[in-house]
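**Student:** From the sequence below, what's the structure:
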Amino acid sequence: MREEKIEQLITLLLEGYDVENKEEMISNCSLCYVNPAQYIKDNDAEWIIESNEDGAFEFSVTNELFDFLIRGDKIDEIHELIDESLNNLIGDFPIGIRYAGDYFKWLQPILNQEDPPLEVIELADSYSDELQLIIVEKHNVENISKLCQELRVHFKRTSIPADGI
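**Tutor:** Numbering: from 1, shown residues only. Modelled structure (predicted):
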């Protein structure tokens, strides 16, 4: 049952991305769920368990999805990474925006116009001051939220969606 939920989570997070090794990612996260000590050891991440004894699985998710994550500590830096990952769809950083919450409220209407509509979510603990984000297809957000809650993976919507979902 847990393996199915892990597979669903990874599949939903990666929908729309070109992924060659999705089955391997799912397998590695599943292994970590049943044998966290082995996964942590295999990935030289003992520091994870030292700082958060229950953090191994959450770490495995971000470790396996590392190439798809957007990480940064400054909102203009985040903007550049998001824009780059969307093939420069967004353009220059909006003048007058100073806070992350305002930026994501500005960004969401642009992402709503994509086909399919997209949303930026905060995923898992970055173990630093950086925001750790991933762009997902908006129609998957509610299911991703539920699966993250069940699997104890930090999840946060970055903006209040315009359509109230």
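**Student:** Let me see the residues that make contact with the lowest-mean-pLDDT helix or strand in the chain.
**Tutor:** When the helices and strands of the chain are scored by mean pLDDT, DSSP states H and E, helix 46-51 comes last with a mean of 79. Here helix 46-51 makes contact (CB atoms under 8 Å, 6 or more residues apart in numbering) with 36, 37, 40, 55, 56, 59, 127. Where you see a C-beta, it was placed from the backbone N, CA and C, and this is true even at glycine.
**Student:** Tell me which of those fall in helices.
**Tutor:** 36, 37, 40, 56, 59 (DSSP state H).
**Student:** what's the burial count for the last one?
**Tutor:** What it means is residue 59. The local packing of residue 59 (other CB atoms under 10 Å) involves 24 other residues.
**Student:** What's the local residue count around the closest residue to it other than its chain neighbours?
**Tutor:** The shortest distance from residue 59 to any residue other than its chain neighbours is 4.7 Å, reached at residue 48 (CB to CB, 6 or more residues apart in numbering). If you count neighbours by other CB under 10 Å, residue 48 ends up with 21.
**Student:** Tell me which helix or strand residue 136 sits in.
**Tutor:** Using DSSP states H and E, the element containing residue 136 is strand 131-137.
**Student:** Now find how far off-centre that strand is within its chain.
**Tutor:** Mean-position distance between strand 131-137 and its chain equals 4 Å (CA atoms, centre = their mean, to the nearest Å).
**Student:** What pairs with it, parallel or antiparallel?
**Tutor:** Applying DSSP bridges, strand 131-137 is found paired with strand 70-72 (antiparallel), strand 118-123 (antiparallel).
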